[in-house]
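> next input, structure requested:
(one chain, ligands or ions: 1)
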Amino acid sequence: MRISRIFIYDEPSIPELSIDSLAVWLQNTFHVTTIKRENIFKNATDDAAYELASSRIFNMRQPFQRHSPTNEEVEFERQTFQNTSKVENIVPYDGFEFQKIVTSQISSDKTCAEDFHLIFTNKLTCTFDSDDYRYHGRALIGANPSIISTTGIIEAPAKPREYYIELMANYGQGLNVESIKKKYQGTYLEYHDSRLGEIIKGYCLQALFYHITGEPFCDLLDCRLNNAHWQRDLLYSQIECGNLCSKHSEILKNWIALNDLNC
Ligand SMILES: [Zn+2]
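Numbers count the residues shown, from 1 in each chain. Coordinates of the predicted model:
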């Protein structure tokens, strides 16, 4: 799949995203002109607020059912358009509904078959898995536009098993959750973690590889395309390793050569 331009849409509540340096990195990695845009919902309409509120998930063990939002829920979404750092608790949204809504927000003069759009959001996107019949938080909704949820990056890959065991063992004994968090600090990503910017690049690679080859993931831990289910693996693949494996480096190199040729 050829790409002539990459558009990236900022999430201003996540300064770790460093949109300027990310644009440079994407351009250098894929040799494709990369254009920065404001948050996708910056000029969104009331309809989009209503649609977003309708795509909230209330039952994680049921496939998507459109929600009839209250006025307060619609108003909350409208306010997040102006100030994306406004969050209540973590609200889960159906990822495919969310994807339809953001698609409708990309203005038609910016849509071209060879353009690729990458949207960053702090909202938590989820997809329903028919294998275990429940919703799961997702860091990436791969498509065009692709969505990268920074909350998904922090919440979806699991923390160390021992962390949960200790949390459960001490549950009811009045032990301070914060002390357990402190004990495992560094082994998982936290909100506004300084490592987030580097981790986001790995998800950008997965989004673009999915668009280019139809296959976003790699089985190898020593590859940034590894689909991490654990925070430990995520930190290893993206920070300690921080590279593509030789097979995927080669695929990228060949794709760049072909994409350049078609320019
Ligand atoms: Zn690989």
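> who's in contact with stretch 123-138?
Identification of contacts with stretch 123-138 by Cβ atoms under 8 Å, 6 or more residues apart in numbering yields 57, 60-61, 63-64, 80, 90-96, 98, 141, 147, 149, 151-152, 155-156. Yep, even glycine has a C-beta here, placed from its N, CA and C like the rest.
> selection in ChimeraX covering whichever of the residues you listed are buried, please.
Filtering the contacts of stretch 123-138 down to the buried ones (16 or more other Cβ atoms under 10 Å) takes a single ChimeraX command:
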select :57,64,80,91,92,93,94,95,96,98,141,147,149,151,152,155,156
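> the contacts of stretch 123-138 in strands, which ones?
Among the contacts of stretch 123-138, DSSP state E puts 92-94, 141, 147, 149 in strands.
> what's the closest of the residues you listed to the ion?
Nearest to the ion, judged by Cβ to the ion, of the ones in strands among the contacts of stretch 123-138 is I141 at 20.9 Å.
> what is that closest one paired to in the beta sheet?
I147 (DSSP bridges).
> can you point out the buried residues in whichever strand or helix holds E73?
Under the criterion of DSSP states H and E, E73 resides in helix 71-82. With burial defined by 16+ other Cβ under 10 Å, the residues of helix 71-82 counted as buried are 73-74, 76-78, 80-81.
> show the average pLDDT along that helix.
The pLDDT scores in helix 71-82 average 95.
> contacts for it, please.
For helix 71-82, using Cβ under 8 Å, 6+ apart, the contacting residues are 39, 41-42, 44, 46, 48-50, 52-53, 56, 86-88, 123.
> same thing but 10 Å
13, 39-56, 67, 69-70, 86-88, 91, 101, 121-123 (Cβ atoms under 10 Å, 6 or more residues apart in numbering).
> still on that earlier bit, quick one: which of the ones in strands among the contacts of stretch 123-138 is nearest L220?
L220 has its nearest neighbour among the ones in strands among the contacts of stretch 123-138 in I141, at 23.2 Å by Cβ to Cβ.
> tell me the pLDDT at the closest one?
I141 is given a pLDDT of 97.
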